[in-house]
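Trainee: Turn this into a structure:
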Amino acid sequence: MEANLVERVAREHEAHTERDVLAESIRLKNKFPHLGVYPSKQRLYATMDRHTADLRGKTILDYGCGRGEMAMKYLRNGADKVAAIDISEVYVEDLRQQAEAAGISKARCDFRAMDAHRLDFPDASFDLIVGYGILHHLDPRIAFQEIYRVLKPQGRVLLQEPLADNPLLKLFRKSTPHARTEDEAPFTAAQVRSFESQLAWRTESVYCGVVEMPVSLVTSKLMPSHPENLFLRMADKVESWLHRHRLLLGWNQYIVFNLVRA
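Mentor: Here you go, the predicted model:
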């Protein structure tokens, strides 16, 4: 591995193990309660939920498991086996303890601290790989090659990732450095197109937040107890039109890379 990539992995390890930037990011987002529930974000999460609701007979990779909430969900949803990786040994140990306390068979669990640039799994291991906000911490071209390698033919990857083109989001990120790591880099629209064409993927990606994200910041403060409000409903109509016409995609808050291996 190149020296600069080794150093990058070490910085990410320190940020998540020593500083726990994940907790800081969650604390920050909790100040804006509508940010997590605006309509297009609910549809984005519904896309992920649709592919993870019934996992019987499937082997899953939780790609950057954090404290393990999603890995436990995949086990409850019937996955034959869940592998979960994270850069932080602390997070992986938390998950291991949760699974043990829940009485889940060790044969269904493979939880390991691991660098996602070098997945320690055989080729064609997984039916489904799912991650939330991990890829933009990595060298995405190397990471996608590894993801493609360990997916089975017709296997699916679902990765929720932040986007970079929106000026308001750029300002927000610049003003909240303690909730981020030094090397994380949200993706531009041009990068998204490049990643989706890099390998033999069938692409079904979805977006959220080009209009509803900024509106949700305002309504979170003006009417925090009313997430289903007129302003967000109006914003959703505009946003849905933009999505249908594939306009300003890089200005969205998030993409879910929804990709199927050929």
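Trainee: List the residues that contact residue 180.
Mentor: Taking C-beta atoms under 8 Å, 6 or more residues apart in numbering, we find residue 180 in contact with 21, 25, 173. Glycine gets a C-beta too; all of them are placed from N, C-alpha and C.
Trainee: need those in a markdown table with secondary structure, neighbour count and pLDDT, can you?
Mentor: Shown next, in a markdown table, are the contacts of residue 180 (DSSP: H, G, I helix; E, B strand; the rest coil; neighbours: other C-beta atoms under 10 Å; pLDDT from 0 to 100):
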| residue | secondary structure | neighbour count | pLDDT |
| --- | --- | --- | --- |
| 21 | helix | 21 | 75 |
| 25 | helix | 16 | 77 |
| 173 | helix | 16 | 83 |
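Trainee: now, which of those sits nearest residue 34?
Mentor: Nearest to residue 34 out of the contacts of residue 180 is residue 25 (C-beta to C-beta; 17.0 Å).
Trainee: picking up where we left off before, which single one of the contacts of residue 180 is nearest to residue 251?
Mentor: Ranked by distance to residue 251 (C-beta to C-beta), those are led by residue 173 at 14.0 Å.
Trainee: How about that closest one: what's its closest non-neighbour residue?
Mentor: Nearest non-adjacent residue to residue 173, counting by C-beta to C-beta, 6 or more residues apart in numbering: residue 180, 6.5 Å away.
Trainee: what's the answer for residue 162, then?
Mentor: For residue 162, the spatially nearest residue (C-beta to C-beta, 6+ apart) is residue 186, at 4.0 Å.
Trainee: And the strands in this structure?
Mentor: For the chain, the strands defined by DSSP state E occupy 59-63, 81-86, 109-113, 126-132, 151-162, 201-203, 206-208, 254-261.
Trainee: and of those strands, who's closest to residue 215?
Mentor: Residue 215 sits nearest to strand 206-208 of all those, at 12.3 Å, using C-beta to C-beta.
Trainee: any residues touching that closest one, and which ones?
Mentor: Residues outside strand 206-208 that contact it (C-beta under 8 Å, 6+ apart) are 38, 40-41, 43-44, 47, 163, 239, 243, 249, 252-256, 258.
Trainee: pLDDT (mean, whole number) over stretch 86-95?
Mentor: For stretch 86-95, mean pLDDT rounds to 94.
Trainee: buried residues in that stretch?
Mentor: Neighbour-count burial for stretch 86-95 flags 86-88, 91-92, 94-95 (criterion: 16 or more other C-beta atoms under 10 Å).
Trainee: Residue 190: which of the residues you listed is nearest?
Mentor: Lowest distance from residue 190 to the buried residues of stretch 86-95 (C-beta to C-beta) belongs to residue 87, with 27.0 Å.
Trainee: Am I right that that closest one is in contact with residue 113?
Mentor: Yes. The pair residue 87 / residue 113 is scored as a contact, 6.8 Å apart, by C-beta atoms under 8 Å.
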